[in-house]
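Chemist: Sequence and predicted model, in that order:
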Amino acid sequence: MAELRNTLKELRLHKGLTQASLAQQVGVSRKTINTIENHVFSPSALLAMQIAKVLDVTVHDIFFVKDD
Amino acid sequence: MTADMLARIRIAVFGVAGLVCASYSVLALATNTPDPMSPWLPGVFGCAAAIVMWISSMAAGLREAGIAHDELYRLEWGLAVKLSYWFAIGLYPVFGIFMALGWVSPTTAFAAMGTATGAAPLLSFCIINLRG
C-alpha cells in the first residue's frame, strides 16, 4: 500500500529551524509539525504548500509517495 | 498566552467536564437513580468549560487561538465526534436490554445515557490528543 512520506525534519534542520519556530511561521501548533515529521498526520494541500513556502522548497521536495 | 498553553487548558477543561459527565452516568447506573448528584452539575461544568475556553482564547488573541485550533485539532475533534456518535448509538440497544430486563428504570436510563453521550466526545478527544 502506498504511503505518504516526507523529508520535513531534514529540510527543517537544514534551514536551521526548530519545530516551534516553523510552526509559528506556518501558523499551526508545534504538535502538528511533530506529527507530520513522524508520519502520524498527513497535512492538507494548503498546509503542505505553506510549509514549502517557509522552507523555500517545493512540496515535492518535502513529500513523496513510498510504494511497498 | 501561547497556543500550547491554550491547548493544555482545553485538555484540562474537556477532561474535567467529561469526567463529571461520565461520573454522573456511572453513579446513576450504580445507584439506579436519575439524580445520584445534583443534576445541574454536568451542565454547569460543561458551560464552565465553554466559558473558560472562550476567555482563554480571547486572552490569547486571534492568531494564537487559530494556531491552537489548527487542522490537526480539527482532525482529532472530528475523530472524537465520530467515535462518540457510534458510542451514543450503541447505548440505545444496551440500555434497551437493561430496561427490558428491569435492571434500570427509564428515568435512570435517560440520565445515564444523556450524560454518557455528553462525556464521550470530551473524553475521546482527550485520549486521542494525549496519545498523538
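Modeler: The structure has been received and is ready for your questions.

Chemist: Residue A:65 - that's part of a strand, no?
Modeler: Yes - per DSSP: H, G, I helix; E, B strand; the rest coil, residue A:65 lies within a strand segment.

Chemist: Please name the residues that touch it.
Modeler: A:2-5 (Cβ atoms under 8 Å, 6 or more residues apart in numbering or on different chains). Backbone N, C-alpha and C define where each C-beta goes, glycine included.

Chemist: for residue B:37, phi and psi?
Modeler: Here is the backbone geometry of residue B:37 (degrees, to the nearest 10): phi -140, psi -180.

Chemist: okay, now it: neighbour count?
Modeler: For residue B:37, the count of nearby residues is 14 (other Cβ atoms under 10 Å in any protein chain shown).

Chemist: cool, and residue A:26?
Modeler: Residue A:26 has 20 nearby residues by other Cβ under 10 Å.

Chemist: near chain A, which residues of chain B?
Modeler: Within reach of chain A by Cβ under 8 Å from any Cβ of the partner chain, chain B has these residues: B:3-4, B:7, B:63, B:66-68, B:70-73, B:75, B:132.

Chemist: Now go through those residues and say which are in strands.
Modeler: Among the residues of chain B next to chain A, none falls in strands (DSSP state E).

Chemist: Out of the contacts of residue A:65, which is nearest to chain B?
Modeler: Using Cβ to the nearest Cβ, the shortest approach to chain B within the contacts of residue A:65 belongs to residue A:4, at 14.6 Å.

Chemist: what's that closest one sitting at in phi/psi?
Modeler: Dihedral angles (degrees, to the nearest 10) for residue A:4: phi -90, psi 120.

Chemist: quick one, what contacts it?
Modeler: A:39, A:42, A:63-66.

Chemist: Verify the contact between residue A:2 and residue A:64 for me.
Modeler: No - using Cβ atoms under 8 Å, residue A:2 makes no contact with residue A:64, being 10.3 Å away.

Chemist: re earlier: need the max-distance pair from the contacts of residue A:65.
Modeler: Largest separation among those by Cβ to Cβ: A:2 and A:5, giving 9.8 Å.

Chemist: what's the helix or strand for residue 34?
Modeler: You didn't pick a chain, so chain A it is. Per DSSP states H and E, residue A:34 falls inside helix A:30-37.

Chemist: try again with chain B
Modeler: Using DSSP H and E, residue B:34 falls outside every helix and strand.

Chemist: how close does it get to chain A?
Modeler: 40 Å (Cβ to the nearest Cβ, to the nearest Å).

Chemist: count of residues packed around that residue?
Modeler: Applying other Cβ under 10 Å, we find 18 other residues in the vicinity of residue B:34.

Chemist: Please name the residues that touch it.
Modeler: Each residue near residue B:34 by Cβ under 8 Å, 6+ apart is listed here: B:28, B:105, B:107-108, B:110-111.

Chemist: Between residue A:2 and residue A:64, which is the more surrounded one?
Modeler: Higher neighbour count among residue A:2 and residue A:64: residue A:64, with 12 against 8, using other Cβ under 10 Å.
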